[in-house]
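Peer 1: Structure, please.
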Amino acid sequence: MTRTREILGELISFPTVSSDSNLALIEHLANLLADAGARVDVFRDASGTKANLFATIGPDIDGGILLSGHSDVVPVADQDWTTDPWVMTERDGRLYGRGTCDMKGFIAAAVAMAPLYAQTATARPIHFAFTHDEEIGCLGAQALAPLLQERGIKPRVAIIGEPTLMRVIEGHKGCYEYSVHFTGLEGHGSAPERGVNAVEYAVRYVSRLLELREVLRARAPADSRFEPPWTTINTGALVGGVAHNVIAGKARIDWEMRPVQPSDADLVRAELHDFCNHHLLPQMRAVAPLADIVTEVIGEVDGLVPVTENEAREIALALTGANGAGLVPFGTEAGIFQAIGMQAVICGPGSIEQAHKPDEYLALDQLAEGVRFLESLSDRLRVAP
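Peer 2: Coordinates of the predicted model:
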């Protein structure tokens, strides 16, 4: 526990807001794991300012256990903190600092266990995956997954240590985020027929989203355990125009959907493609041939689908003593690892209620539970998968 707290304090001192580089933190983690005997790879992104870390302790075989966490944190700007967010502060049985619960506490505990795993991982490997840019679309994990496939690295179990109060979580919805950019034709507001009002076409697009929202509600699977049980759509922003008397030449819609099943996402994308290409765009281009609608994919992150056979769930239930696994409304990287063949579960110290807020904290008793969980996991590495 002492070593975990030391490492956590070090990790908090790296201000790894998603808009900034995480390289210094990744280098620090790489050194800690290498010192414990891990085989470490660091994969930089195209910009060279972000990186994923993947490390392995134990035999070079398939069927290992992956411990996964994201290195980035959300901003602290315009938040009213009573402590320095980049200096871990202990008060009243809590550790304060940006990222303490989301999710550097889990990362610190996992790395602190590396010397123990180096002794116990005799029959089954343990892997570490620490990623970038989870908070803005799980970009790091989406880049790491195909690299693992290319290299033939096949962990069987993935434990994602997002804050769940050490509850075992076996499912969550996907999260697909888009920005749709409308280009019309500006003109004087007194002659709207001579222009193409991008805002008005954006409104029609939102109206179609609202219609699809009701379609999705009716498609809720009968056995869905999610709350609500159907795929949701939310319009986050509509921005456009410059003045009361000017035909709006530009507009943007930011929206998201959270699918309970992949077919819902396929339906929505197909319906919107048809609506834009066969209804909106022909009308826009009849007046302005260069008018356009461009959809920017911010992130398409698959959900974690509950499955009957799940060794990750069974391990987590055994180590926590829980009687069953639940679902959560927030998204994680778990579905990305599930999609490349891993059996995945989410279980980590801290509460999601503290994440992203000023004075984010991780309760010391929660950290202790996380440490005990990962310590007990070491026994599983002595037995072949």
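
Peer 1: Downstream of the helix or strand residue 148 falls within, the next helix or strand is which one?
Peer 2: Here residue 148 sits within helix 139-150, counting by DSSP states H and E. Using DSSP H and E, the helix or strand that follows helix 139-150 in sequence is strand 157-160.

Peer 1: now for that following strand, which elements pack on it?
Peer 2: strand 65-70, helix 311-320, helix 334-339, strand 343-346 (3 or more Cβ pairs under 8 Å, 6 or more residues apart in numbering; DSSP states H and E). C-beta: built from backbone N, CA, C; applies to glycine.

Peer 1: Give the next helix or strand downstream of the second one.
Peer 2: Right, the one you point to is helix 311-320. Moving toward the C-terminus from helix 311-320, the next helix or strand (DSSP H and E) is strand 326-328.

Peer 1: buried stuff in that next one?
Peer 2: 327-328 (16 or more other Cβ atoms under 10 Å).

Peer 1: what's the average pLDDT for it?
Peer 2: In this model, strand 326-328 has a mean pLDDT of 94.

Peer 1: which outside residues touch that strand?
Peer 2: The set of residues external to strand 326-328 that reach it, using Cβ atoms under 8 Å, 6 or more residues apart in numbering, is 164, 167-172, 225-227, 306, 346, 352.

Peer 1: Determine how far it lies from the middle of the whole chain.
Peer 2: Here strand 326-328 shows a centroid-to-chain-centroid distance of 15 Å under the convention Cα atoms, centre = their mean, to the nearest Å.

Peer 1: count of neighbours near residue 88?
Peer 2: Neighbour count for residue 88, taken as other Cβ atoms under 10 Å: 25.

Peer 1: show me the contacts for it.
Peer 2: 8-9, 12-13, 95-97, 100.

Peer 1: can you tell me which of those are in helices?
Peer 2: Among these, the residues falling in helices (DSSP state H) are 8-9, 12.

Peer 1: got a winner among these for most neighbours?
Peer 2: Of the ones in helices among the contacts of residue 88, with other Cβ under 10 Å as the count, residue 12 tops at 28 neighbours.

Peer 1: how much space is there between it and residue 59?
Peer 2: Using Cβ to Cβ, to the nearest Å, residue 12 is found at 34 Å from residue 59.

Peer 1: measure residue 270 to residue 70 for me?
Peer 2: Residue 270 is 31 Å from residue 70, by Cβ to Cβ.

Peer 1: of those two, who's got more company?
Peer 2: residue 70 (31 against 10).

Peer 1: So the more buried one sits against residue 140, correct?
Peer 2: Yes - here residue 70 reaches residue 140: they are 6.8 Å apart, a contact under Cβ atoms under 8 Å.

Peer 1: Please enumerate the shared neighbours of these two.
Peer 2: Here residue 70 and residue 140 share the contacting residues 131-134, scored by Cβ under 8 Å, 6+ apart.

Peer 1: Turn the residues you listed into TSV, including neighbour count and secondary structure.
Peer 2: As requested, the shared contacts of residue 70 and residue 140 are exported to TSV (neighbours: other Cβ atoms under 10 Å; DSSP: H, G, I helix; E, B strand; the rest coil):
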residue	neighbour count	secondary structure
131	28	strand
132	30	coil
133	23	coil
134	28	coil
